[in-house]
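Engineer: Okay, here's the prediction I keep looking at, along with the sequence it came from:
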Amino acid sequence: MTIAVYLRVSKEGGDSIANQRKLILDYIRRMPEWDGARIQEFCDDGYSGRNFERPAAARMLQLAKEGRIACIIVKDLSRFGRNYLEVGKYLFRVFPSLGVRLIAVNDHYDSGKPMESDSLDMMFRTLIHDMYSRDLSEKVKNALSVKAQCGAYLCALAPYGYQKDPEDKNRILPDPAAAPTVRRIFRLAADGWPTVRIARILNEEQVLTPMQYKRAGGCKRTSWNCVREANFWTTETVLKILRDERYAGTAVYGRRKRKEPGKSRQEPVRKTDWITVQNAHPAVISQDEYRQAQQMLRTCKERGRTGKNKNPLRYKVRCGVCGHAMVRGGKKNPYYRCTVPFMTDRYACPIERIPAAELLEMIYAELGRQVAVCVDYNQIFMEKKRCLAADRAAAAKKLAKLQAACAGQEHHIQELYEKLVFGQVSRDEYVTAKTCFLSRKREICEQIWQLQDEERKNGIQDNAGCGQTFEEEQEIRQAAKDMLAELLREVVIYPGCRVQIIWQVRDPFAAGGADLPQAGDACRQTKTACTSDTDGSGF
């Protein structure tokens, strides 16, 4: 038998991995039934319990689904997770169906004991952990906001051109080695130099990029937002520095936020909602230099506008040599080209201009050919309706579960009232527990309303699309344009104007997509042939 020992500590701390390990191992030693059992440890250090997007937890749950783990032991249920619905799903549905036993030592919980897993006390505990996590998250946010309003620097790494104050981790000071480069970038921008020329100068002089500079300084960060490990100065890097108000001595906080506690996905915040504090730290440049650079950037942006029309290929046309996104240029006759050769001579990128209209024509033709080979257009329309029906069925199933959970909260409140009447709980305990159940019921009701609203919107879109037919060629082309955003992953341009069209693995017509040809020919009239991949396998 294999016993999984799961350990978790969040970034805020409050517990330690060593203490959890000692507590659980001591508990296992006191259980004679586990003599000779294989113990496998899973540890998530620095991960929130609000979700199950944790590497060690994911591995453990996968092994449990494969039947390779018989028992999971945690210090308490909050170590396993703090999301009431997610934890409840595993406690009351997943683990019982898999035959996996869950033990929370400090909570005196053992799913192997009869009636324990369905007790009101256990449901109440999971709800309390959920509410505690939400409350703690809000308190941490408020505390950080207060510190930010005082001008404290709260990021883990100092921006390029700065270094952390050795005497105060919430304060930054100009870096004597990198600050001159920042000043030079702002001076060149104020003098009217375009960002592409600034990047080329820095590359020719072999100035270390922000990523290279931090690594040379011993930074142990492993994840960097760059296309290749062989990093070089780009217009985006220069623009990021020029638009950063922190170089003028202004502290900026709250530019992005998480939609839900524990989730890794962030969304941008309106600039009016940012927390900014003037003169919070020593400036690398003056306010006048910063304003001059911003004015020059606005002038260049106005000069380079190409209209407000939506571009279906935005950020999807990529150079096959350097890997960077190609830039769209031209107003009357738009085209794509790689700007990396203007910044560095490191890569032999294609220098040809690819007309946008010609590229779109090639993509639409290839998309129509792929679909035509697979099934007729009327069959595609029926397949789309089948997918919509399947989505509705899944949404209805989810809605039924939420409604059942809402009814369950009502049942718990009724049980709680009966215990109050018979004197099994005090009035204070009754009020506290009822508040928790009502709070959870409101959350579930909000999810129900959101799901019903989405279903109503989908029904309107479906009714609007029912009148479409695929009999006329013009309508077929329009349908291909509508599907392009979903089906197209990227377009890769190689030297000699060779074009590779890469489609998404998942598309709206998954049943027909399995029969699509793996590669096809779509070519420009005056250039060489191109390749189209439906599975993303590469050129």
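Structural biologist: Yep, it's here.
Engineer: Surely residue 345 is in a strand?
Structural biologist: No - the assignment for residue 345 is coil, going by DSSP: H, G, I helix; E, B strand; the rest coil, so no strand is present there.
Engineer: That one: neighbouring residues, count only.
Structural biologist: By other CB atoms under 10 Å, 11 other residues sit near residue 345. Just so you know, the C-beta spots here come from the backbone N, C-alpha and C atoms, and that holds for glycine as well.
Engineer: gap between it and residue 59?
Structural biologist: Computed as CB to CB, to the nearest Å, the residue 345 to residue 59 distance reads 45 Å.
Engineer: Check residue 41 too.
Structural biologist: Distance from residue 41 to residue 59, by CB to CB: 11 Å.
Engineer: can you check residue 211 too?
Structural biologist: Distance, residue 211 to residue 59, using CB to CB: 30 Å.
Engineer: and residue 40, what does it touch?
Structural biologist: 2-5, 63, 69 (CB atoms under 8 Å, 6 or more residues apart in numbering).
Engineer: Just to be sure, it is in a helix?
Structural biologist: No - with three-state DSSP as the criterion, residue 40 is located in strand rather than a helix.
Engineer: any idea of the pLDDT on it?
Structural biologist: On pLDDT, residue 40 comes in at 92.
Engineer: Same check on the one 3 residues further on?
Structural biologist: According to the predicted model, the pLDDT of residue 43 comes to 93.
Engineer: So what's the residue count around residue 167?
Structural biologist: 7.
Engineer: Residue 87 too?
Structural biologist: By other CB under 10 Å, the residues close to residue 87 number 22.
Engineer: for the protein, which helix is longest?
Structural biologist: Determined from DSSP state H, the single longest helix within the chain is helix 377-421.
Engineer: so what secondary structure elements neighbour it?
Structural biologist: Helix 377-421 makes packing contacts with helix 120-149, helix 356-374, helix 427-465, helix 510-513 when contacts are defined by 3 or more CB pairs under 8 Å, 6 or more residues apart in numbering; DSSP states H and E.
Engineer: give me that answer again for 10 Å
Structural biologist: helix 84-89, helix 120-149, helix 356-374, helix 427-465, helix 473-487, helix 510-513 (3 or more CB pairs under 10 Å, 6 or more residues apart in numbering; DSSP states H and E).
Engineer: Which of the ones you listed has the lowest mean pLDDT?
Structural biologist: Minimum mean pLDDT among the helices and strands packed on helix 377-421: helix 510-513, a mean of 37.
Engineer: coming back round to it: okay, and which of the contacts of residue 40 map to strands?
Structural biologist: 2-5 (DSSP state E).
Engineer: Who wins on neighbours among these?
Structural biologist: Going by other CB under 10 Å, residue 4 tops those with 24 neighbours.
Engineer: Now do it against residue 45, distance only.
Structural biologist: On the measure of CB to CB, residue 4 and residue 45 end up 17 Å apart.
Engineer: same question, residue 314
Structural biologist: Remark: distance between residue 314 and residue 45 (CB to CB) = 39 Å.
Engineer: Which one of these two is surrounded by more residues?
Structural biologist: residue 45 (13 against 10).
Engineer: which strand residues sit across from that one in the sheet?
Structural biologist: Counting by DSSP bridges, residue 45 is bridged to residue 9.
Engineer: picking that back up, could you check which of residue 211 and residue 59 is surrounded by more residues?
Structural biologist: Counted by other CB under 10 Å, residue 211 and residue 59 do not tie: residue 211 has more neighbours, with 18 against 14.
Engineer: residues in contact with the nearest residue to residue 249 once chain neighbours are set aside?
Structural biologist: With CB to CB, 6 or more residues apart in numbering as the criterion, residue 249 has its nearest non-adjacent residue at 3.3 Å, and that residue is residue 283. Shown in contact with residue 283 (CB atoms under 10 Å, 6 or more residues apart in numbering): 174, 179, 246-250, 289-290.
Engineer: Same question for residue 164.
Structural biologist: Residue 164 neighbours (CB under 10 Å, 6+ apart): 153, 155-158, 170-173, 175.
Engineer: In strands only, show me these.
Structural biologist: 170-173.
Engineer: Greatest separation within these: which pair is it?
Structural biologist: Maximum pairwise distance among the ones in strands among the contacts of residue 164 (CB to CB): 12.0 Å, between 170 and 173.
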